[in-house]
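> Could you work out the structure for the sequence below:
(chains A and B)
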Amino acid sequence: MYEILKKEMLTPTVCRMVVEARRLARAARPGQFLIVLNDEKGERIPLTISDYDAEEGTVTIVTQKIGASTADIVGRAVGERFLDVVGPLGNASDFMEMAPEELAAQRYIFIAGGVGTAPVYPQVRWLHAHGVPVDVIIGAKTKDLLIYTEEMRSVCDNLYLCTDDGSEGFHGLVTALLEKLVREDGKRYTRAVAIGPMVMMKFATLTCRKLALPVVVSLNTLMVDGTGMCGACRVSVGGKMKFACVDGPEFDGSEVDFDEAMKRQRQYWDEEQAENAKMGRTE
Amino acid sequence: MMAERLARLKAREQDPKVRAANFEEVCYGFDAQEAQQEASRCLHCKNPRCVGACPVSIRIPEFIAAVKDGDFAGAAAVIAQDSSLPAICGRVCPQETQCEGSCVLGIKGESVSIGKLERFVADWSRENLPAGPAQQPAPGAPKVAIIGSGPAGLACAGDLAKLGYACTVFEALHETGGVLRYGIPEFRLPKDTVLQHEIDNITRLGVRIETDVIVGRTVTVDELMDREGFQAVFIGTGAGLPKFMNIPGENLCGVFSANEFLTRSNLMKAYRDDYKTPVHAGAKAIVVGGGNVAMDAARTALRLGAETTVVYRRTEVELPARVEEVHHAKEEGVRFELLTNPVEILGDEKGWVRAVRCIRMKLGEPDASGRRAPVEIPGSEFEIPTETVIMSLGTAPNPLLARTTAGLEANRRGGLVADEAGATTRPGVFAGGDAVSGAATVILAMGAGRRAARAIDAYLKSRA
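Presented below is the predicted three-dimensional model:
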């Protein structure tokens, strides 16, 4: 079980892997996530599911090397096995539950940032397959860090790229591009979905509020078990305590306390730096 | 002679100063000679009250008589008739309110150390008796799915396997044992030796275990029954959802549920340098709550280097934790602020805890439960500086299965609705342990698992 069947570096630090996980592949739905445990002494790392194939019994995960444990995952080779892959966790995207007539009335815009682009893909593909108009913005610091552009282009109506340095597509942040699409280009959307770094989701939410556009975000909080047991993932949503793992990971962006969530995400910063130093890495 | 009979033999323990800095087991238990000596104190009452007070009715005087005679294998056989997890129960059962609490010797002196004797017999068996042969269910044996590999699930699976059923245990985590693995610390229940051995005993009976399967997410109960051919299901998913106080500041960095803190340390082995999962105890820790889990969290924080204080709103008498655990915690240096309740957690500019604002309490009139309700003393607020706060206020059952299984009902507190034998509102689906009762004890869960095994056997025979 959990054999790595394919591996591909999408950028120097972001890797896509196809992993054997039969039960998980059959149950996975857009919007859900899974947890990978690399080895006995590793951490349980929550990762988004960027694709799944029930017949092949495989799931696709995209991992960015940001610390010791993600470096371990990215460092594995085809033919090797993870110790554990468990899921799917969390709730499927809210549009999966929509009545057909409600779904038919939607025009979606996805705002994808960095490695958050990967989980956007199955959501866009699902909506596209169900005839829902869907546009996608993918943003990154620079051209070489844009991922999933070709895959996304084949399943959406309009794909807009943007880079902080202008090396590809729109020169600027995803929020500026979204505002331009709606304000200047006359694009009309009924719902937005923003998935990416916490700070990007915060500002995407603020922009959507200005545009009177409802926005869903997918929170990548700290987690241990991912099943509602530990509460490490708790966030304030609409002034109430929610667990991202079982109440989410998707929430109404306008209700999320992002500043608190960002502080909580760095809770083990000191310990992580120590672990990275121990492994001779300091990124 | 009489005086000798009234005083129990104390089991040897690690020195409190030494053990406060390590995770090795606190109590060494009896050796053979000590066990025989302690066993000789038993009066062998004609009407043994200890048996009636044991949730699974272990034939206590009978096994103690065998210990006294040095027939330890015989003692193990007596215990095995009623308990599938003796090395665990001998360590973590609240004997002082069960068997030992009703021992006649306890009236004038000290009760027989029944728990330590049970532990001795189980440990002796592990070290001296050959493991039983690995068994397999007969081809075509009826399949039963067990959800959760904690004490209820293990006991249920073990009994059903002995009755010839093909049992598969589905465990959501990557390791088996449930709360025995993630909740109870190494210093109370050694994992690699004691816990793993008890689980190996169950798998040797032919029970299959599939980890990483979250029933309700990875696969549903309906799929197990309709697609995978399981003819009955036992739900022993425990009570794993942490409670918080709903006071300001609970989402500050440095505030953890006891579940998170203990899971990091126990399951993920964060207390060891060679494991990657971090755990943060800080220089000062406050544990809120007074149950066994609170004691486990406090003693873990202490071992991780924190000066640790337990904050509890009633008095020492009402502490729900076992007396032994409170005693051990105190010996090791855990401080207690009793009749005290947090009202707010205060943070610094970076979003980290800096102190807990508490209020003093007094005990008022007895409430509906008969316990004297703690009442705030107006104007008595004060601050305790701390780096971490560990909330240990109890846990509730996970709603996932009730939500994803048609016809399965839960009560207001999240517990699955089940009868005495464990039958739920869904035919063929049984449940027991904390998933039904809410957080209770290992032995009650084990007992419920065993009762459900008998009920499942009867149910399947009635349909055959």
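> From here on, just use CA atoms for contacts and neighbour counts.
Noted.
> OK, contacts around B:P48?
B:61, B:103 (CA atoms under 8 Å, 6 or more residues apart in numbering or on different chains).
> Which pLDDT value does the model give it?
Among the per-residue scores, B:P48 holds a pLDDT of 95.
> What separation do you get for B:L9 and B:P48?
Counting by CA to CA, to the nearest Å, the gap from B:L9 to B:P48 is 21 Å.
> tell me which element the residue in the stretch 1-150 of chain A that chain B sits nearest to falls in.
When distances are taken as CA to the nearest CA, the stretch 1-150 of chain A reaches nearest to chain B at A:K41, 4.5 Å away. For A:K41, there is no host helix or strand (DSSP states H and E).
> What is the burial count for B:A297?
Neighbours of B:A297 under the rule other CA atoms under 10 Å in any protein chain shown: 33.
> Low-confidence regions, the chain specifically.
Here I'm looking at chain A. Applying pLDDT under 70 to chain A flags the ranges A:279-283.
> Chain B was what I was after
Ranges of chain B meeting pLDDT under 70: B:1-4.
> Go again with 50.
Within chain B, the stretches with pLDDT under 50 are B:1.
> what does it put close to chain A?
B:172-174, B:212-214, B:217-219, B:240-242, B:251-254, B:256-261, B:263-264, B:268, B:274-280, B:350-351, B:398 (CA under 8 Å from any CA of the partner chain).
> of those residues, buried ones?
B:172-174, B:212-214, B:217-219, B:240-242, B:251-254, B:256-261, B:263-264, B:268, B:275-280, B:351, B:398 (16 or more other CA atoms under 10 Å in any protein chain shown).
> Let's see which of those residues end up in strands.
B:241-242, B:256-257 (DSSP state E).
> now for these, which pair is the farthest apart?
By the measure CA to CA, B:L241 and B:F256 form the most distant pair in those, at 12.9 Å.
> thinking again about what came up before, not counting sequence-adjacent ones, nearest residue to the residue of the stretch 1-150 of chain A closest to chain B?
The shortest distance from A:K41 to any residue other than its chain neighbours is 4.5 Å, reached at B:Y275 (CA to CA, 6 or more residues apart in numbering or on different chains).
> Thought A:N38 was touching that neighbour, still the case?
No. At 11.8 Å, B:Y275 and A:N38 do not qualify as touching, with contact defined as CA atoms under 8 Å.
> For B:I390, list the residues it contacts.
B:255-258, B:261, B:285-288, B:297.
> Are we agreed that it is in a strand?
Yes. Using DSSP: H, G, I helix; E, B strand; the rest coil, the secondary structure at B:I390 is a strand.
> Grab the longest strand from chain B for me.
Max-length strand for chain B by DSSP E is strand B:353-366.
> Report all helices and strands that that strand contacts.
Counting contacts by 3 or more CA pairs under 8 Å, 6 or more residues apart in numbering or on different chains; DSSP states H and E, strand B:353-366 packs against strand B:340-347, strand B:372-376, strand B:382-385, strand B:388-391.
> Helices along the stretch 201-350 of chain B, start to end?
B:221-226, B:258-265, B:292-303, B:323-332 (DSSP state H, counting those that start in this stretch).
> packing partners for the third one?
So the one you mean is helix B:292-303. Counting by 3+ CA pairs under 8 Å, 6+ apart, helix B:292-303 packs on helix B:258-265, strand B:284-288, strand B:307-311, helix B:323-332.
> re earlier: run a quick check on the residue of the stretch 1-150 of chain A closest to chain B versus B:D273, I expect a contact.
No. At 9.8 Å, A:K41 and B:D273 do not qualify as touching, with contact defined as CA under 8 Å.
> B:W352 pairs with what?
On the basis of DSSP bridges, B:W352 takes part in beta bridges with B:C253.
> Which residue comes closest to the closest residue to chain B within the stretch 101-250 of chain A once chain neighbours are left out?
Nearest to chain B, among the residues of the stretch 101-250 of chain A, is A:C230, at 4.1 Å (CA to the nearest CA). Leaving aside its sequence neighbours, A:C230 sits nearest to B:E260 (CA to CA, 6+ apart; 4.1 Å).
> same question, B:A410
Per CA to CA, 6+ apart, closest to B:A410 is B:L416, 4.1 Å.
> ok, that neighbour to chain A distance?
Counting by CA to the nearest CA, to the nearest Å, the separation of B:L416 from chain A is 17 Å.
> what number of residues lie near that residue?
Using other CA under 10 Å, B:L416 has 30 other residues around it.
> Got phi/psi on it?
Dihedral angles of B:L416 (phi, psi; degrees, to the nearest 10) stand at phi -70, psi 140.
> Let me see the contact set for it.
B:402, B:408-410, B:424, B:431, B:435-437.
> out of A:K41 and B:D273, which sits in the busier spot?
Shown here are A:K41 and B:D273; by other CA under 10 Å, A:K41 has more neighbours (17 against 11).
> quick one: that one from B:G305, how far?
22 Å.
> Also B:Q98?
34 Å.
> Make JSON lines out of the helices of the stretch 201-350 of chain B and add distance to A:M96.
Below are the helices of the stretch 201-350 of chain B laid out as JSON lines (distance: least, CA to CA, whole Å):
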{"stretch": "helix B:221-226", "distance to A:M96": "20"}
{"stretch": "helix B:258-265", "distance to A:M96": "31"}
{"stretch": "helix B:292-303", "distance to A:M96": "39"}
{"stretch": "helix B:323-332", "distance to A:M96": "49"}
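> Nearest to A:A261, out of these?
helix B:258-265 (17.2 Å).
> orientation of the closest one relative to strand B:284-288 in degrees?
Between helix B:258-265 and strand B:284-288, the angle comes out at 130 degrees (axes from the mean of the first three to the mean of the last three CA atoms, to 10 degrees).
> Could you show which parts of the stretch 101-250 of chain A are in contact with chain B?
Going by CA under 8 Å from any CA, the residues of the stretch 101-250 of chain A near chain B are A:224-225, A:228-232, A:234-236.
> can you tell me which residues contact the closest residue to chain A within the stretch 301-450 of chain B?
Closest contact between the stretch 301-450 of chain B and chain A, by CA to the nearest CA, is at B:G351 (6.4 Å). Contact analysis of B:G351 by CA under 8 Å, 6+ apart lists A:260, A:263, B:252-253.
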